[in-house]
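Participant: Structure, please.
(2 chains)
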Protein chains: 2
Amino acid sequence: MGNKNISMAVIRRLPKYYRYLADLLAKDIQRISSKELSEIIGFTASQIRQDLNNFGGFGQQGYGYNVEALHREIAKILGLDKKYKAILVGSGNLGQALTNYSGFKNAGFDIMAVFDANPRMIGLKIRDYEIMDSDLIESFVSENNVEIAILCIPKEGAQQVADRLVKSGIKGIWNFAPVDLDVPSSVIVESVNLTESLFTLSYLMKDGEEA
Amino acid sequence: MGNKNISMAVIRRLPKYYRYLADLLAKDIQRISSKELSEIIGFTASQIRQDLNNFGGFGQQGYGYNVEALHREIAKILGLDKKYKAILVGSGNLGQALTNYSGFKNAGFDIMAVFDANPRMIGLKIRDYEIMDSDLIESFVSENNVEIAILCIPKEGAQQVADRLVKSGIKGIWNFAPVDLDVPSSVIVESVNLTESLFTLSYLMKDGEEA
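Facilitator: Predicted structure coming up:
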C-alpha cells in the first residue's frame, strides 16, 4: 500500500522523529511516552500520537513507545531499510562537500560516480572518485540501474541534465540547482535551495526588528 | 510594522517569487499578470494574488504587476535591501563550499571571517579568509556587530557554539548542524538539514513504487 493520503507536513516531520529516536537509542533509552517525546522534540504529545497513528500507531496505552521498534518502523517508512545507488553531477564546492560526507553512505545512499562537464575537472579525484565526463551520464545510469542523481550544477544547465537523467531511467533527483525542475510525475524531485533558506532567515530577522 | 500575522507558508514562497521575478527582469519583461505568473511559477493565480495582497498588493486590475516594482518590493520585504555582516563557523567541506559561494555576497550577505576549533585548520586559507581560532568568536562578533552566524559544525558542539553566539549578540543563525538549537526567541534560527531532505526524497521514492 502507498501512503498517498499522508500530508507532506507529516512526512517532513518523520526524519526528525527518526533523528530523535536514534539519539534515544544511543543513550540506551528503551521506551518513551508521547509526553516525554514531546518535551524533547518540541511537538505536542497529541501531534505526536496523531502523526504516528498515520502509519499504524506503534504506541501502547500506559506503556508508551518502544524506541527501538519505532525507530526501525520509521526507517522502513522512510525507505531507509534499503540501499540506493546514486550519482553526483557537478563537482564544484558543494558537490565536493556532498561527495565527502560519509553520513549518506551510512544511511544507505551509495554514490557510485561523480560527473562534471568541465574538461578541466574530468579525471581529477574527489575522495575515491575519479571525476567522469558528464557525456557518460546516460550510459552509466542505465547500465548500473542508478536510482538517485544529486544535482550540484548551476541553474542554467540543470533542466537539460534532468531531462537526460529522466530518459536514462533515474527515479529521484536531489536538486541543489536553484531552479524548479520539470520532470514526469513518476520522477521525484527534492530540492534544497540554499539562497531561499538564507532569504527566509533575512526576512525573519527583519520582521523581528520591526515588531 | 511587523508582519507577524503572515504565515510561514507565505514567507517561504516569497524567495521563489523573488527568483522568478529576477528571471523575468533578466529577460526584460516589464509587466506580468497573475495568470502569466501562475503559468511559470506553478502556484494558482488566486494564490499569487492572495500572497502578494498580504504585503499591500502591488497589482493593478487589467494591468497586472510591474515586474521591477514587485521585485524591488519583495526584496525590501525579505530584508535584501540592506547588508548583513556574517561569520562562518566550521571550515569543513560544507563550510568551505559556502565560503566559496559568491552568490551570498551579491545578495548582501558579507562573510567577514571564518572560524574553526581544529588547531590544524587555524591559519589556513579559504579564498581570502585566514581561518581564525574559534576562541575568538565572541570578541569578533561583539566588536564587529556581526548579525548572522553560519553554523557548519557537527551536532555535538553546535548548541554550545550557539550559546556563545547568542551571548555575543548574534541576531540570526543559519544552522547546518543536524540539531534543533535552543536559543532565546529574539534570535532567529533557520536550519538546513540535508539528511532530513534526503530522507524525504527516499520516502517519496518508496511511496511512488508502492502506489
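Participant: is stretch A:177-190 anywhere near chain B?
Facilitator: Yes - applying Cβ under 8 Å from any Cβ of the partner chain, one finds stretch A:177-190 touching chain B at A:178, A:180, A:186, A:188, A:190. All C-beta spots, glycine's among them, are computed from the backbone N, C-alpha and C.
Participant: Remind me what the helix or strand of chain A at the bottom of the mean pLDDT ranking packs against, helices and strands.
Facilitator: In chain A, the helix or strand scored least confidently by mean pLDDT, DSSP states H and E is helix A:103-106, which has a mean of 82. If you count contacts as 3 or more Cβ pairs under 8 Å, 6 or more residues apart in numbering or on different chains; DSSP states H and E, helix A:103-106 packs onto helix B:194-210.
Participant: Strands along chain A, start to end?
Facilitator: Secondary structure of chain A (DSSP state E): strands located at A:31-32, A:65-66, A:84-89, A:109-116, A:125-126, A:129-130, A:132-133, A:148-151, A:172-175, A:188-191.
Participant: give the contact list for the closest residue to residue A:181 other than its chain neighbours.
Facilitator: Closest residue to residue A:181 apart from its sequence neighbours, by Cβ to Cβ, 6 or more residues apart in numbering or on different chains: residue A:162 at 4.6 Å. Neighbour list for residue A:162: A:151, A:173, A:175, A:181, A:182, A:183, A:189 [criterion: Cβ atoms under 8 Å, 6 or more residues apart in numbering or on different chains].
Participant: now the residues you listed as CSV including neighbour count, distance to residue B:32 and pLDDT?
Facilitator: Shown next, in CSV, are the contacts of residue A:162 (neighbours: other Cβ atoms under 10 Å in any protein chain shown; distance: Cβ to Cβ, whole Å; pLDDT from 0 to 100):
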residue, neighbour count, distance to residue B:32, pLDDT
A:151, 24, 28, 98
A:173, 25, 28, 98
A:175, 26, 25, 98
A:181, 19, 22, 96
A:182, 11, 19, 96
A:183, 17, 25, 97
A:189, 16, 25, 97
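Participant: What distance do you get for residue A:97 to chain B?
Facilitator: Look at residue A:97 and chain B: by Cβ to the nearest Cβ, to the nearest Å, they are 4 Å apart.
Participant: Helices of chain A, start to end?
Facilitator: Assigned by DSSP state H, chain A shows helices spanning A:8-26, A:34-41, A:45-53, A:67-77, A:93-100, A:103-106, A:137-144, A:155-167, A:194-210.
Participant: just flag whichever of these has the lowest average confidence.
Facilitator: Of all the helices of chain A, the segment with the smallest mean pLDDT is helix A:103-106, scoring a mean of 82.
Participant: ok, residues contacting that one?
Facilitator: A:86, A:98, A:111, B:195, B:198.
Participant: Out of these, grab the one that's most surrounded.
Facilitator: Comparing the contacts of helix A:103-106 by number of neighbours (other Cβ atoms under 10 Å in any protein chain shown), residue B:198 comes first, having 27 neighbours.
Participant: My guess is it contacts residue A:111. True?
Facilitator: No - here residue B:198 does not reach residue A:111: they are 11.6 Å apart, not a contact under Cβ atoms under 8 Å.
Participant: ok, the residue lying closest to residue A:75 once chain neighbours are set aside - how many residues close by?
Facilitator: Nearest residue to residue A:75, sequence neighbours excluded (Cβ to Cβ, 6+ apart): residue A:81, at 5.5 Å. For residue A:81, the tally of surrounding residues (other Cβ under 10 Å) stands at 12.
Participant: Residue A:81 and residue B:48, how far apart?
Facilitator: 41 Å (Cβ to Cβ, to the nearest Å).
Participant: Please apply the same query to residue A:157.
Facilitator: Separation of residue A:157 from residue B:48 (Cβ to Cβ) stands at 28 Å.
Participant: Find the nearest non-adjacent residue to residue A:180, please.
Facilitator: Excluding its sequence neighbours, the residue lying closest to residue A:180 (Cβ to Cβ, 6+ apart) is residue B:42, at 6.7 Å.
Participant: Chain A - how does it break down into domains?
Facilitator: Recorded structural domains for chain A (assignment: automatic domain parsing) are A:8-77, A:84-196.
Participant: end to end, how far does the first one reach?
Facilitator: Read it as domain A:8-77. One end of domain A:8-77 sits 14 Å from the other (Cα to Cα, to the nearest Å).
Participant: got it, and the longest one?
Facilitator: Using Cα to Cα, the gap from the first to the last residue of domain A:84-196 comes to 28 Å.
Participant: if we can go back for a sec, would you point out the most distant pair within the contacts of residue A:162?
Facilitator: Pairwise distances across those (Cβ to Cβ) peak at 13.4 Å, for the pair A:151 and A:182.
Participant: how close does the residue nearest to residue A:181 get to residue B:168?
Facilitator: Separation of residue A:162 from residue B:168 (Cβ to Cβ): 43 Å.
Participant: Highest neighbour count among the residues of stretch A:177-190 next to chain B?
Facilitator: Per-residue neighbour counts (other Cβ under 10 Å) across the residues of stretch A:177-190 next to chain B peak at residue A:188, which has 22 neighbours.
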